[in-house]
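[1] no FASTA, just this:
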């Protein structure tokens, strides 16, 4: 194997890890965190949830940086995923956020 083959192999591994992180983060949110938050009703709608993907621990706050900071006190090396409760994305760039039908149901 030459050096360029190693770079390509490492890039593929990083991409796979990134995709796995996204899938695991979304899955944790949908299957574990969201059902708990639905029980609290509309009180958390619009707040941010920051999840440590490896442990499943999470924090909720109206300020995403506060939720992240609190989570990092509990998990200093957190590998995080962020969602905005009740919406399709945590932030909007050049447009608006859409409501997430799954939160309502």
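    Looks like it came in fine. Remember, predicted model here, so these are calculated numbers, not experimental data. Numbering: from 1, shown residues only.

[2] State the distance from the residue nearest the centre of the chain to residue 50.
    By Cα atoms, centre = their mean, the chain has its centre lying nearest to residue 81, at 2.3 Å. From residue 81 across to residue 50, the span is 8 Å (Cβ to Cβ, to the nearest Å). All C-beta atoms are positioned from the backbone trio N, CA, C, and that covers glycine.

[3] Could you do residue 83 as well?
    Counting by Cβ to Cβ, the gap from residue 83 to residue 50 is 8 Å.

[4] These two: who's more crowded?
    Neighbours per residue (other Cβ atoms under 10 Å) separate residue 83 from residue 50, with residue 83 holding more: 27 against 24.

[5] Could you check how many residues crowd around the residue nearest to residue 75 when sequence neighbours are not counted?
    Spatially, and ignoring its direct neighbours in sequence, residue 75 is nearest to residue 52 (4.5 Å; Cβ to Cβ, 6 or more residues apart in numbering). Neighbour count for residue 52, taken as other Cβ under 10 Å: 20.

[6] what pairs with residue 52 across the strands?
    Beta-bridge partners of residue 52, counted by DSSP bridges, are residue 80.

[7] Let me know the secondary structure of residue 60.
    The three-state label given to residue 60 by DSSP: H, G, I helix; E, B strand; the rest coil is strand.

[8] Could you list everything it pairs with in the sheet?
    Counting by DSSP bridges, residue 60 forms beta bridges with residue 49.

[9] Tell me how far it lies from residue 49.
    5 Å.

[10] what ranges do the helices span in this structure?
    In the chain, the helices defined using DSSP state H lie at 3-28, 34-39, 64-74, 101-104.

[11] just to revisit the earlier point, determine the number of other residues adjacent to the residue nearest to the residue nearest to the centre of the chain when sequence neighbours are not counted.
    Once flanking residues are discounted, residue 81 sits nearest to residue 25: 2.7 Å by Cβ to Cβ, 6+ apart. Residue 25 has 19 neighbouring residues, counting by other Cβ under 10 Å.
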